[in-house]
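Peer 1: model this:
(chains A, B, C and D)
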Number of protein chains: 2
Amino acid sequence: MKHIAESTVRRLSLYLRFLEEYAAQGHNTISSGELAASGGTTSAQVRKDLSFFGSFGKRGMGYTVRDLSGAIRDILGLDHAWNVVIVGAGKIGAALAQYRGFSDRGFQVGGVYDADPAKIGTRLGALTVRPDADLEKDITRLQPRIAVLCVPPDAAQPLVDRCAKAGIRAILNFAPVPLVAPNGVTIRDVNMATELEILAFGLTNGTEGKK
Amino acid sequence: MKHIAESTVRRLSLYLRFLEEYAAQGHNTISSGELAASGGTTSAQVRKDLSFFGSFGKRGMGYTVRDLSGAIRDILGLDHAWNVVIVGAGKIGAALAQYRGFSDRGFQVGGVYDADPAKIGTRLGALTVRPDADLEKDITRLQPRIAVLCVPPDAAQPLVDRCAKAGIRAILNFAPVPLVAPNGVTIRDVNMATELEILAFGLTNGTEGKK
DNA sequence: ATTAGCTTGTGAATGATTTCACAAGCCGAC
DNA sequence: GTCGGCTTGTGAAATCATTCACAAGCTAAT
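Peer 2: Below you'll find the predicted structure:
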């Protein structure tokens, strides 16, 4: 298959959320225009995004909400649950461990790990913080393919390597540090400070002029 | 000034982090190639990004770490501290309120607000959760221009409108819901579940083939 | 069965971003 | 001072993403 742009995948995720809301509201069909309006994009964009994966609508009619939902779910790989581990039980790690938005979308947090003896054993909702040392063992046992990394910058790279060796294939990294991705592992960086900086830039350099 | 792409601003934020690290390591100068290597991009990209804003290097020599740091800081609007308020003291809001990464980069959390009486008065590090009802009063008094929104989906839009009316100019939104931005207000959405879904898509559709 | 009214799917056109490639310029050695 | 080795800054080219525009196709009404 041709390469798919990240922006397309990001929009698909958005479409899926709206479709589920539409379904909950009792709608059976939806047009590309309606879907576009919810997501702040254009109907052509919606159709182009979908066209990379197939043909899901009926001309003159639009899309069946339920069918399109299922199709996007399959495309994104959400047709089955994903097991994820959270590495680091600091403020952010602890918050994410209990974040309902993950489980709502099929991402099951299978474990939370920390090296700090004071944190080990702590309860986070239904989870108990486990010792860092159990990481490899648990990854081998539970076979999660995704890890969420929420540790201090210095601790990040060694943990990436350990996770990779144990079988993790993708890492969502919250540590503000450049990481080297081991072979066969994808790393996505999320940086809260950068998001604020983008806003600060906009305010400083007149976003108002964006016609 | 010409329009600057978000991707450029995002990279500038990254460059700044590396420059600060380089400075801490005692380096005085750096070439576009070295900076590019740290950020996983190319030297041409680094030079092009900077060229939108001026000319900061010396041919044959590269850039003075300290000067370039300062220049990027100015470009991003980080030459002064930013006051921000956090709206919603749930798991994510509470974590962000205590996140050192914000204050480290000049974003001062001036207040945390929640509507839940059980949360009001709770301590979060040096901050105390304040009642939702004080929001407008405090925004008027402290004049923050940025708000971080960490409330349930249903509560989000009304709070956007209240913040905007009180003087907030930019909102970092963690609520997984489409928001209408009032005139003159910029909204940036951050969605943790979407980030995981992008990883899931990659794993499902063979990221390995990305040569 | 034909027509009218919509809406999809998709090449082609446009627009944006990244990469290329090289002249211009700086420094240090001799 | 001039030569050699590097590195910047930047137009031009290439690549990537979005928007346009329209033929194809479906449904409902008559």
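Peer 1: So which helix or strand of chain A has the lowest pLDDT on average?
Peer 2: helix A:100-104 (a mean of 92; mean pLDDT, DSSP states H and E).
Peer 1: Now do the following helix or strand past that one: which elements does it pack against?
Peer 2: For helix A:100-104, the following helix or strand on the C-terminal side (DSSP states H and E) is strand A:107-114. Judged by 3 or more C-beta pairs under 8 Å, 6 or more residues apart in numbering or on different chains; DSSP states H and E, strand A:107-114 is in contact with strand A:82-87, helix A:91-97, helix A:100-104, strand A:127-131, helix A:135-142, helix B:192-204. From N, CA and C alone the C-beta is placed, and that goes for glycine too.
Peer 1: Tell me, please, where in chain A the pLDDT is lower than the cut-off.
Peer 2: Within chain A, the segments meeting pLDDT under 70 span A:207-211.
Peer 1: if we can go back for a sec, would you format the helices and strands packed on strand A:107-114 as JSON lines with distance to DNA strand D included?
Peer 2: JSON lines is the format used below for those (distance: least, C-beta to the nearest atom of the strand, whole Å):
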{"stretch": "strand A:82-87", "distance to DNA strand D": "24"}
{"stretch": "helix A:91-97", "distance to DNA strand D": "28"}
{"stretch": "helix A:100-104", "distance to DNA strand D": "24"}
{"stretch": "strand A:127-131", "distance to DNA strand D": "37"}
{"stretch": "helix A:135-142", "distance to DNA strand D": "32"}
{"stretch": "helix B:192-204", "distance to DNA strand D": "13"}
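Peer 1: which stretch among those comes nearest residue A:198?
Peer 2: Ranking the helices and strands packed on strand A:107-114 by their distance to residue A:198 (criterion: C-beta to C-beta) puts helix B:192-204 first, at 15.9 Å.
Peer 1: what are the C-alpha coordinates of that closest one, in PDB please?
Peer 2: C-alpha atoms of helix B:192-204 as PDB (Å, rounded to 0.1, in the frame of the first residue of the first chain):
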ATOM      1  CA  MET B 192      -3.600  11.300  23.900                       C
ATOM      2  CA  ALA B 193      -5.900   8.600  22.500                       C
ATOM      3  CA  THR B 194      -5.200   9.900  19.000                       C
ATOM      4  CA  GLU B 195      -1.500   9.600  19.500                       C
ATOM      5  CA  LEU B 196      -1.900   6.000  20.500                       C
ATOM      6  CA  GLU B 197      -4.100   5.400  17.500                       C
ATOM      7  CA  ILE B 198      -1.400   6.700  15.200                       C
ATOM      8  CA  LEU B 199       1.000   4.200  16.700                       C
ATOM      9  CA  ALA B 200      -1.600   1.500  16.400                       C
ATOM     10  CA  PHE B 201      -2.100   2.400  12.800                       C
ATOM     11  CA  GLY B 202       1.600   2.200  12.200                       C
ATOM     12  CA  LEU B 203       1.900  -1.200  13.800                       C
ATOM     13  CA  THR B 204      -1.100  -2.500  12.000                       C
END
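Peer 1: So is it next to chain A?
Peer 2: Yes: Helix B:192-204 reaches chain A (C-beta under 8 Å from any C-beta of the partner chain) through B:192-204.
Peer 1: mind putting these in a markdown table, distance to DNA strand C included?
Peer 2: Shown next, in a markdown table, are the residues of helix B:192-204 next to chain A (distance: C-beta to the nearest atom of the strand, whole Å):
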| residue | distance to DNA strand C |
| --- | --- |
| B:192 | 23 |
| B:193 | 25 |
| B:194 | 20 |
| B:195 | 19 |
| B:196 | 23 |
| B:197 | 21 |
| B:198 | 17 |
| B:199 | 20 |
| B:200 | 23 |
| B:201 | 19 |
| B:202 | 18 |
| B:203 | 23 |
| B:204 | 21 |
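Peer 1: in chain A, what residue is nearest DNA strand D?
Peer 2: Nearest residue of chain A to DNA strand D, counting by C-beta to the nearest atom of the strand: residue A:60, 2.5 Å away.
Peer 1: in stretch A:14-24, what counts as buried?
Peer 2: Neighbour counts using 16 or more other C-beta atoms under 10 Å in any protein chain shown place A:14, A:15, A:16, A:17, A:18, A:19, A:20, A:22 of stretch A:14-24 among the buried residues.
Peer 1: list the contacts for residue A:85?
Peer 2: By C-beta atoms under 8 Å, 6 or more residues apart in numbering or on different chains, the contact set of residue A:85 is A:109-113, A:135, A:138-139, A:142, A:144, A:146-148, A:163, A:168.
Peer 1: before we move on, the earlier item: can you pull the buried residues of the least confident helix or strand of chain A?
Peer 2: A:101, A:102.
Peer 1: and it, what does it pack onto?
Peer 2: strand A:107-114, helix B:192-204.
Peer 1: at 7 Å instead, please
Peer 2: Helix A:100-104 is packed against helix B:192-204, with contacts defined by 3 or more C-beta pairs under 7 Å, 6 or more residues apart in numbering or on different chains; DSSP states H and E.
Peer 1: could you give the angle of the helix it packs on to strand A:82-87?
Peer 2: Angle, helix B:192-204 to strand A:82-87, by axes from the mean of the first three to the mean of the last three C-alpha atoms, to 10 degrees: 120 degrees.
Peer 1: before we move on, which element is residue A:49 in?
Peer 2: Assigned by DSSP H and E, residue A:49 falls in helix A:43-51.
Peer 1: can the lengthiest helix in chain A be found next to DNA strand C?
Peer 2: The longest helix of chain A (DSSP state H) is helix A:6-24. No: Helix A:6-24 does not reach DNA strand C (C-beta under 7 Å from any atom of the strand); its nearest approach is 10.2 Å.
Peer 1: what's the distance between that helix and the middle of its chain?
Peer 2: Offset of helix A:6-24 from its chain centre (C-alpha atoms, centre = their mean, to the nearest Å): 13 Å.
Peer 1: Residues in a beta bridge with residue A:108, which ones?
Peer 2: residue A:83 (DSSP bridges).
Peer 1: dump the residue contacts of it.
Peer 2: The neighbourhood of residue A:108, defined by C-beta atoms under 7 Å, 6 or more residues apart in numbering or on different chains, consists of A:81, A:82, A:83, A:84.
Peer 1: Out of those residues, which end up buried?
Peer 2: For the contacts of residue A:108, buried by 16+ other C-beta under 10 Å: A:82, A:83, A:84.
Peer 1: what about the residue lying farthest from the centre of chain A, which helix or strand?
Peer 2: Distance from the C-alpha centroid of chain A peaks at residue A:60, with 33.9 Å (C-alpha atoms, centre = their mean). For residue A:60, there is no enclosing helix or strand under DSSP H and E.
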